[in-house]
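Colleague: I need the structure of the sequence given here:
(one chain, ligands or ions: 1)
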Amino acid sequence: MLKTIDGLARRLVGSSFLYMRRFLFRILSVGPIPNHIAFILDGNRRYAKQRNMTEGTGYRAGFFAVISMLKYCYELGVKYMTVYAFSIDNFKRSQEEVQYLMDLMLEKIKGLLEQESVVNEYGVRIHFVGNLKLLDEPVRVAAEKAMHATANNTKSNLLICVTYTSTDEIVQAVQASCQEKWNEIQEVNVNQSQNAERTEEKLELDHIIKLVDIERHTYMGLAPDPDILIRTSGATCLSNFLLWQTTNCLLYSPKVLFPETGLRHLVLAVLNFQRLYPHLEKKKKQF
Ligand SMILES: CC(C)=CCC/C(C)=C/CC/C(C)=C/COP(=O)(O)OP(=O)(O)O
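Modeller: Predicted coordinates for the structure are as follows:
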């Protein structure tokens, strides 16, 4: 009997929160809604340490916070959410910790593909972003499977940055652009007679690498630039994350550890974005 009452009470509280959240999001939607929000998941280990728990428990709590945030972003109409789940620099952590993170990633990727997961419920397309060849083989295979399995989902996008750093992204994008131009030049040389009317000068102009070429080859090229970057734990540095994409992005850094982030932090970030929106839009146009 007590169990039934407890269950009913929980459901009642759960559904009142849902209605309150929907109401809040409706009010927020009167203003501009960001298209893309990115997160630096900072403070998982400190969260665990403060509670005398293992580091792994902190990462697990961090993953649950990612899922809650994904739900909120979806309900609010944010089309892209990006998380910095594993940096190339994280390979410098102890072997034990790296292995734990890889195992956790594998477990969670598999979980995301289960029928009742939020990904299927909300129609979320998953993208793994970064230098994926650096990933452990089983994680890479699972990541590719997840991308393939969700490729037809169109309602929203979750970009999971793994084995990612911005500097690595920029270097590989420049290299890929050079390679592309080089291939084009080779092709022109082969078909020289057909291009006889084109002057040397015109050819050179055609083959100069432009901003759009580099952008097209970035790992993040599949998404619009983020409107808001949320870095938890109060830190304001970018830690080699989305350096190319954050020129006109609002940086919001609540003094809270990532597993503790919740609805209020998202709402405050969006309110800040709405306050600065005219200024951010003006900056984009000036450029
Ligand atoms: C599949 C998926 C999306 C998994 C995400 C799992 C997750 C929460 C990863 C965070 C990884 C990480 C290196 C965070 C940095 O903060 P830190 O933990 O080093 O924190 P600290 O600043 O307290 O040391």
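Colleague: Contacts for stretch 168-187 next, please.
Modeller: Applying Cβ atoms under 8 Å, 6 or more residues apart in numbering, the contact partners of stretch 168-187 are 88, 130-131, 203, 206-209, 213-221, 243-244. All C-beta spots, glycine's among them, are computed from the backbone N, C-alpha and C.
Colleague: Can you turn the buried part of these into a PyMOL selection?
Modeller: Here is the PyMOL command that selects the buried residues among these (16 or more other Cβ atoms under 10 Å):
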select buried, resi 88+130+131+213+214+217+218+219+220+244
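Colleague: could you pull out the strands for this structure?
Modeller: 36-40, 80-84, 124-129, 156-161, 228-231, 250-252 (DSSP state E).
Colleague: what does the first one contact?
Modeller: Looking back up the chat, that one is strand 36-40. Taking Cβ under 8 Å, 6+ apart as the rule, strand 36-40 contacts 66, 69, 73, 78-84, 223-232, 238-239, 241-242, 249, 258, 266, 269.
Colleague: Phe25: neighbouring residues, count only.
Modeller: Per other Cβ atoms under 10 Å, the neighbour tally for Phe25 reads 18.
Colleague: shift numbering so it begins at 200
Modeller: From this message on, residue numbering opens at 200, which makes the last subject Phe224.
Colleague: And it, how close does it get to the ligand?
Modeller: Counting by Cβ to the nearest ligand atom, to the nearest Å, the separation of Phe224 from the ligand is 23 Å.
Colleague: Over to Ser432?
Modeller: 6 Å.
Colleague: go on, Thr364?
Modeller: For Thr364, the distance to the ligand equals 12 Å [Cβ to the nearest ligand atom].
Colleague: And the contacts of strand 235-239, which of them are buried?
Modeller: Those of those that meet the buried threshold are 265, 268, 272, 277-283, 422, 424-431, 437, 440-441, 448, 457, 465, 468, by 16+ other Cβ under 10 Å.
Colleague: Identify the residues contacting Thr364.
Modeller: Contacts of Thr364 were listed using Cβ under 8 Å, 6+ apart, and they are 286-288, 439-440.
Colleague: Let's see that with 6 Å instead.
Modeller: Neighbour list for Thr364: 286-287, 439 [criterion: Cβ atoms under 6 Å, 6 or more residues apart in numbering].
Colleague: How about Met346?
Modeller: Ile325.
Colleague: Please repeat the previous calculation with a cut-off of 8 Å.
Modeller: Contacts for Met346 (Cβ under 8 Å, 6+ apart) come out as 325-327.
Colleague: Narrow those to just the buried residues.
Modeller: 325-327.
Colleague: Could I get those in JSON lines, plus columns for pLDDT?
Modeller: Converted to JSON lines, the buried ones among the contacts of Met346 look like this (pLDDT from 0 to 100):
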{"residue": "Ile325", "pLDDT": "97"}
{"residue": "His326", "pLDDT": "98"}
{"residue": "Phe327", "pLDDT": "98"}
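Colleague: Around the ligand, pick out the residues from the chain.
Modeller: 240-245, 258, 261-262, 265, 282, 284-285, 289, 304, 307-308, 359 (Cβ under 6 Å from any ligand atom).
Colleague: Check whether Tyr418 really touches His326, as I assumed.
Modeller: No: Tyr418 lies out of contact with His326 (Cβ atoms under 8 Å); the separation is 9.0 Å.
Colleague: Show me the helices in the stretch 250-399 of the chain, by range?
Modeller: Taking DSSP state H, counting those that start in this stretch as the criterion, the stretch 250-399 of the chain carries its helices at 254-275, 294-311, 317-321, 336-348, 365-389, 399-405.
Colleague: Just name the most buried of these.
Modeller: Sort the helices of the stretch 250-399 of the chain by mean neighbour count, taking mean count of other Cβ atoms under 10 Å, and helix 254-275 sits at the top with a mean of 19.
Colleague: Can you list the neighbours in contact with that helix?
Modeller: Contacts to helix 254-275, defined as Cβ under 8 Å, 6+ apart, come from residues 220-221, 224, 227-228, 232, 236, 238, 240, 243-248, 250, 280, 282, 296, 299-300, 303, 307, 317, 321, 323, 354-355, 357, 457-462, 465, 469.
Colleague: now stretch 328-342
Modeller: Contacts for stretch 328-342 (Cβ under 8 Å, 6+ apart): 281, 285, 287, 290, 301, 304-305, 308-309, 327, 343, 358-363, 367-368, 371, 418-419, 421.
Colleague: Average pLDDT for it, rounded please.
Modeller: Average pLDDT, stretch 328-342: 97.
Colleague: now do stretch 345-361
Modeller: 96.
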